[in-house]
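>>> Predicted model follows, preceded by the sequence.
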Amino acid sequence: MPEPSQANHPAAEPDSAADAAATLDPQDWQALRVQAHRMLDDILDYQQHIRQRPVWQPAPAAVRDTFQQALPRQPQALSAVHEDFMQDILPYAIGNAHPGFMGWVHGAGTPVGMLGEMLAAGLNANLGGRAQVPIAVERQVTHWMRELFGFPENASGLFVTGTSMANLLALLVARTQALGTDTRRQGLLAGGEQLVAYASAGAHKCIYKAMDVAGIGGEFLRTIPLDGNFRIDLAALEQAIAEDRAAGLKPFMIAGTAGSVDVGAIDPLPQLADLAQREGLWFHIDGAFGALGMLAPDIAPRLAGIERADSIAFDFHKWLQVPYDAGFVLVRDGNLHFDSFALPVAYLSRDMRGMAAGSPWPCDFGLDLSRSFKALKTWFTIKVYGTERLGRMISATCELARYLARRVADAPQLELLAPVELNIVCFRYRCPAGSNADLVNAAIVVALQESGIAAPSTTTIAGHLAIRVAIVNHRTQRPDIDALLRATLELGEKTLASGVGQGASLNGFGFGFGLRQDAAE
């Protein structure tokens with residue numbers, strides 16, 4: 001059947017001033033185009049010239065006060081609201097687009113991904129279901145992920161907000177596998193047994209939250225100690241499973257980590273897969289950022305065993321640099337995934353033809369019926385850059401981490417606190433005996449952030465506070481690492497001289513050291 005011609009079926013135009021006033025479309029489309037191009041140019045200028053800005057700066061009280069205004073009753077010009085954004089919002093974001101941002105595992109975004117997001121917003125498709133090509137785009141990305149991770153054709157995938165939600169969905173599928181679908185109607189008591197899951201001490205705390213939200217209880221997530229390489233201790237894990245079985249509990253899931261939040265460690269995935277198979281447990285992998293190391297030929301071998309997982313959770317908005325948010329869950333058994341969430345209701349009834357065709361729908365595999373078109377910016381990113389270039393970018397961040405580790409090792413004032421597995425480096429400034437090294441290093445990190453040069457974060461390694469540098473940003477280069485080190489050494493010396501390490505309170509300590517500069521200098 002030929003497609004209906006738009007010329008033969010023109011859309012109705014407003015036939016009165018009242019009709020035109022009722023719509024939210026502009027009365028002057030040309031004026032909107034001019035303003036839209038100005039807004040696009042401003043945000044592209046922000047990305048192109050971001051090195052000229054500080055990584056982060058605190059917002060003045062006067063700026064924060066502008067967000068205490070009453071509910072607007074009358075319209076304002078788009079140009080005026082845009083100016084508010086440029087003055088009061090853009091300068092005071094957390095700065096993860098900046099090459100000096102190294103504090104947390106945040107992606108930097110790209111102009112390509114931003115434009116894909118703009119198109120998705122203009123289309124405004126709801127990807128809960130129904131017969132539409134945007135869902136085919138999401139299925140295309142799912143097919144690519146099956147290929148990347150070596151999953152079978154019947155594996156299912158779903159875009160979600162982030163790995164926290166992806167971990168929850170995977171855990172709920174694992175719960176269905178352990179207790180059956182009756183628990184969806186009758187609750188956990190239908191299973192008659194207390195479920196227990198296992199993760200390392202280095203696992204992200206969202207696994208605990210998932211156990212809580214799933215009704216299983218955070219108390220029944222066993223936190224397994226780490227070995228000398230910050231990976232899950234296999235012997236301790238086996239012992240914990242045996243003890244729980246002997247106590248009449250029901251082990252049901254092992255959550256391995258591919259890229260731990262503190263140091264970027266990768267659990268021994270093949271051995272975990274073997275253990276899960278022997279014990280009849282669901283093998284889940286939290287690969288929030290590390291799983292996409294599969295795109296890099298030099299990193300992929302370290303992820304051997306990931307292809308044996310029952311489910312994988314990861315974020316496109318981290319190492320792949322897709323704009324926030326774009327999390328994903330991949331499940332080996334697509335039928336079990338469907339059975340864990342599908343819920344027939346009258347207004348979601350399906351047909352073979354028309355807009356209600358295309359079953360199963362994405363809403364059959366998760367919690368959301370209203371879903372944004374996250375797949376489009378991901379699809380654009382993968383198609384425009386290609387996996388080879390994306391893999392080289394991922395490898396480059398790891399090489400920068402190794403470079404930083406070498407520089408730390410060469411500096412007598414600094415000390416490396418953990419091996420560098422991927423792209424995270426943990427070190428600290430050495431302090432004289434009698435000084436409070438944790439307080440000194442915490443002060444250095446705050447001073448670095450407020451300097452605008454670089455923004456690391458902190459973590460605790462073997463009882464010591466560490467300066468934690470996560471190199472995820474595709475814009476970060478060696479000069480940015482050098483600037484971080486120069487500032488760290490200078491601030492460390494000034495912090496010690498200030499007496500912070502001798503018991504002075506960090507609160508209220510002045511960090512006006514005059515170090516703000518272009519991070520690439």
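Structure received. Residues are numbered from 1 along each chain as shown.
>>> how about the helices of the stretch 351-500 of the chain, start to end?
Along the stretch 351-500 of the chain, counting by DSSP state H, counting those that start in this stretch, helices occupy 374-410, 437-451, 478-498.
>>> Including distance to W144, mean neighbour count and mean pLDDT, could those helices go into TSV?
C-beta: built from backbone N, CA, C; applies to glycine. As requested, these are exported to TSV (distance: least, CB to CB, whole Å; neighbours: other CB atoms under 10 Å; pLDDT from 0 to 100):
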stretch	distance to W144	mean neighbour count	mean pLDDT
helix 374-410	7	19	98
helix 437-451	37	22	96
helix 478-498	31	19	96
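>>> V55: which of those helices is closest?
helix 437-451 (7.5 Å; CB to CB).
>>> so that closest one versus helix 478-498, what angle?
Put simply, helix 437-451 runs at 130 degrees to helix 478-498, going by axes from the mean of the first three to the mean of the last three CA atoms, to 10 degrees.
>>> Pull stretch 80-91 out as CSV, backbone CA atoms only.
Written as CSV, here are the backbone C-alpha positions of stretch 80-91 (Å, rounded to 0.1, in the frame of the first residue of the first chain):
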residue,chain,number,x,y,z
ALA,A,80,15.4,36.6,28.5
VAL,A,81,15.1,33.1,29.9
HIS,A,82,18.1,32.0,27.8
GLU,A,83,20.1,34.9,29.2
ASP,A,84,19.2,33.7,32.7
PHE,A,85,20.5,30.3,31.8
MET,A,86,23.8,31.8,30.5
GLN,A,87,24.4,33.9,33.5
ASP,A,88,23.0,31.9,36.4
ILE,A,89,23.1,28.2,35.4
LEU,A,90,25.8,27.4,32.8
PRO,A,91,28.7,28.8,34.9
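>>> List the buried residues in it.
Buried positions in stretch 80-91, judged by neighbour count with 16 or more other CB atoms under 10 Å: D88.
>>> neighbouring contacts of that stretch?
Q35, R38, M39, D42, Y46, R53, Q57, A59, V63, T66, F67 (CB atoms under 8 Å, 6 or more residues apart in numbering).
>>> Give me the nearest residue to the fifth one, chain neighbours excluded.
The spatial neighbour of Y46 that comes closest, neighbours along the chain excluded (CB to CB, 6 or more residues apart in numbering), is L90 at 6.4 Å.
>>> State the distance from I444 to A236.
I444 sits at a distance of 35 Å from A236 (criterion: CB to CB, to the nearest Å).
>>> ok, back up a step: okay if I get the helices of the stretch 351-500 of the chain as TSV plus distance to L281?
Converted to TSV, the helices of the stretch 351-500 of the chain look like this (distance: least, CB to CB, whole Å):
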stretch	distance to L281
helix 374-410	30
helix 437-451	38
helix 478-498	41
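>>> Could you point out which of those helices sits nearest E219?
Of those, nearest to E219 by CB to CB is helix 437-451, at 29.9 Å.
>>> For that closest one, list the C-alpha coordinates in CSV.
Provided in CSV are the C-alpha atoms of helix 437-451 (Å, rounded to 0.1, in the frame of the first residue of the first chain):
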residue,chain,number,x,y,z
ALA,A,437,47.5,13.2,56.6
ASP,A,438,43.8,12.6,56.0
LEU,A,439,43.0,16.2,56.9
VAL,A,440,45.8,17.5,54.8
ASN,A,441,44.7,15.5,51.7
ALA,A,442,41.1,16.4,52.2
ALA,A,443,42.1,20.1,52.3
ILE,A,444,44.2,19.7,49.1
VAL,A,445,41.2,18.2,47.3
VAL,A,446,38.9,21.1,48.3
ALA,A,447,41.5,23.6,47.3
LEU,A,448,42.0,21.9,44.0
GLN,A,449,38.3,22.0,43.3
GLU,A,450,38.0,25.7,44.3
SER,A,451,41.0,26.6,42.3
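>>> so how far is that helix from its chain's centroid?
25 Å (CA atoms, centre = their mean, to the nearest Å).
>>> Q449 reaches F101, doesn't it?
No. Contact criterion CB atoms under 8 Å: Q449 and F101 do not qualify, at 9.8 Å.
>>> Please enumerate the shared neighbours of those two.
V55, W56, A455.
>>> Sort out for me which of the residues you listed are in strands.
Using DSSP state E, no member of the shared contacts of Q449 and F101 falls in strands.
>>> would you list the residues you listed in CSV and tack on distance to L127 and neighbour count?
As requested, those are exported to CSV (distance: CB to CB, whole Å; neighbours: other CB atoms under 10 Å):
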residue, distance to L127, neighbour count
V55, 34, 27
W56, 34, 22
A455, 34, 25
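>>> Please parse this protein into its domains.
For the chain, automatic domain parsing gives the domain ranges 35-70+78-108+390-521, 126-372.
>>> residue contacts, K318?
Contacts for K318 (CB under 8 Å, 6+ apart) come out as V105, H106, G107, A288, F289, L292, V472.
>>> now, which of those sits nearest A437?
V105 (25.1 Å).
>>> Where does that closest one sit: helix, strand or coil?
On the three-state scheme (DSSP: H, G, I helix; E, B strand; the rest coil), V105 is labelled coil.
>>> How many neighbouring residues does R428 have?
When neighbours are defined as other CB atoms under 10 Å, R428 has 26 of them.
>>> so it touches L414, yeah?
Yes. Between R428 and L414 a contact is recorded at 7.2 Å, counting by CB under 8 Å.
>>> follow-up on the earlier one: return the subset of the contacts of stretch 80-91 lying in helices.
Here DSSP state H is the test, and the contacts of stretch 80-91 give Q35, R38, M39, D42, Y46, V63 as lying in helices.
>>> Using PyMOL, define a selection of the buried residues within those residues.
Per 16+ other CB under 10 Å, the buried members of the ones in helices among the contacts of stretch 80-91 correspond to this PyMOL selection:
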select buried, resi 35+46
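>>> would you turn the ones in helices among the contacts of stretch 80-91 into a markdown table with distance to D368?
Listed next are the ones in helices among the contacts of stretch 80-91 as a markdown table, based on distance: CB to CB, whole Å:
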| residue | distance to D368 |
| --- | --- |
| Q35 | 33 |
| R38 | 34 |
| M39 | 29 |
| D42 | 32 |
| Y46 | 31 |
| V63 | 34 |
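>>> quick one: low-confidence parts of the protein?
For the chain, the stretches with pLDDT under 70 are 1-20, 345-348, 503-521.
>>> which stretches of it form strands?
Secondary structure of the chain (DSSP E): strands at 156-160, 195-200, 221-224, 250-257, 282-286, 311-315, 327-331, 414-416, 424-429, 457-461, 464-470.
>>> Show me which residues of the shortest one are buried.
Along strand 414-416, these residues count as buried under the neighbour rule (16+ other CB under 10 Å): L414, E415, L416.
>>> List just the nearest of those to I481.
For I481, the nearest member of these is L414. The distance, counting by CB to CB, is 12.8 Å.
>>> Quick check: phi and psi on Y324?
phi -60, psi 140 (degrees, to the nearest 10).
>>> quick one: buried residues of stretch 127-136?
Under 16+ other CB under 10 Å, the buried positions of stretch 127-136 are L127, G128, G129, R130, A131, Q132, P134, I135.
>>> Need the distance between the two termini of that stretch.
Terminal residues of stretch 127-136 lie 10 Å apart, using CA to CA, to the nearest Å.
>>> what separates G391 from L295, distance-wise?
For G391 relative to L295 (CB to CB), the value is 4 Å.
>>> A197 too?
29 Å.
>>> Same check on T183?
In this view, T183 and L295 are 37 Å apart by CB to CB.
>>> who's more crowded, the two?
L295 (22 against 19).
>>> ok, back up a step: tell me how far the residue nearest to Y46 lies from A61.
Applying CB to CB to L90 and A61 gives a distance of 18 Å.
>>> again with A437
33 Å.
>>> F101 bridge partners, please.
Under DSSP bridges, the beta-bridge partners of F101 are A455.
>>> is it true that it touches V55?
Yes. The criterion here is CB under 8 Å, and F101 meets it with V55 at 5.4 Å.
>>> which of the buried residues of stretch 127-136 lies closest to R308?
I135 (28.8 Å).
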